[in-house]
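Chemist: Coordinates for the following, if possible.
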Amino acid sequence: MAGDWIKIKTNLRTDMKFMQLGVSLNLAEEETFFALYRTACWFSTHGKYGVFYNLDHLVIDDYVGIPGMSQGLLDAGWLEVKGDALMLKGFVDLTSIRKSLGAKVRAQILSAAACSICGSTEQLEVDHIIPISKGGTSNVDNLQALCRRCNIAKGNRLPKEST
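Modeler: Numbers count the residues shown, from 1 in each chain. Next up is the predicted model:
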């Protein structure tokens, strides 16, 4: 993903969470923005579909060089820890990573001709292995064929949450 654009919400500067983060970390507006942008780049570039596994959230403080950054992100609801998954969400627009699949990609994924969970060949749909809402992308390696029943049962859970 190196060299890709990260789309940040245009109203970030007026977002109350953004202002509170800057105040709690004693940062100027520009420093707060840069710290958030650097964190988003790190998740986008080095995370698995924007999610880190088996990583303590305090490593963000070290990476960004700002003590308390990870706690500020947690308090703002921009950093979520679910089990062993670390997800950054809320201030980066998800439409920047959600793409239309297109007929060719859809056909490629559905050519598996069987549900990745139960093996059914009926009512196949394209599913995001790591949901977009949890940092996943529409890249081919994050897509799988699921039957409608398994897709509904999986919902927007991560693979480790579905078992």
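
Chemist: List the buried residues for the longest helix belonging to the chain?
Modeler: Using DSSP state H, we find that the single longest helix of the chain is helix 29-46. The neighbour-count check on helix 29-46 (16 or more other C-beta atoms under 10 Å) flags 32-33, 35-40, 42-44 as buried. From N, CA and C alone the C-beta is placed, and that goes for glycine too.

Chemist: Then stretch 72-89?
Modeler: Under the neighbour-count criterion of 16+ other C-beta under 10 Å, stretch 72-89 has 72-73, 76, 78-80, 85-89 buried.

Chemist: In strands, which of those residues appear?
Modeler: Among these, the members falling in strands (DSSP state E) are 79-80, 85-88.

Chemist: coming back round to it: which members of the buried residues of stretch 72-89 are the farthest-apart pair?
Modeler: Gly72 and Ala85 (19.5 Å; C-beta to C-beta).

Chemist: quick one on the thing from earlier: mean confidence (pLDDT) on the longest helix of the chain, please.
Modeler: Regarding helix 29-46, the rounded mean pLDDT is 88.

Chemist: and that helix, C-alpha only, in PDB?
Modeler: The C-alpha trace of helix 29-46 is given here as PDB (Å, rounded to 0.1, in the frame of the first residue of the first chain):
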ATOM      1  CA  GLU A  29      -3.400  21.400  15.900                       C
ATOM      2  CA  GLU A  30      -0.800  20.600  13.200                       C
ATOM      3  CA  GLU A  31       1.000  18.200  15.500                       C
ATOM      4  CA  THR A  32      -2.200  16.400  16.400                       C
ATOM      5  CA  PHE A  33      -3.000  16.100  12.700                       C
ATOM      6  CA  PHE A  34       0.400  14.800  11.900                       C
ATOM      7  CA  ALA A  35       0.400  12.300  14.700                       C
ATOM      8  CA  LEU A  36      -3.000  11.000  13.500                       C
ATOM      9  CA  TYR A  37      -1.800  10.900   9.900                       C
ATOM     10  CA  ARG A  38       1.400   9.000  10.800                       C
ATOM     11  CA  THR A  39      -0.600   6.500  12.800                       C
ATOM     12  CA  ALA A  40      -3.100   5.900   9.900                       C
ATOM     13  CA  CYS A  41      -0.200   5.500   7.500                       C
ATOM     14  CA  TRP A  42       1.400   2.900   9.800                       C
ATOM     15  CA  PHE A  43      -1.800   0.900  10.100                       C
ATOM     16  CA  SER A  44      -2.400   1.100   6.400                       C
ATOM     17  CA  THR A  45       1.100   0.200   5.400                       C
ATOM     18  CA  HIS A  46       2.100  -2.400   8.000                       C
END
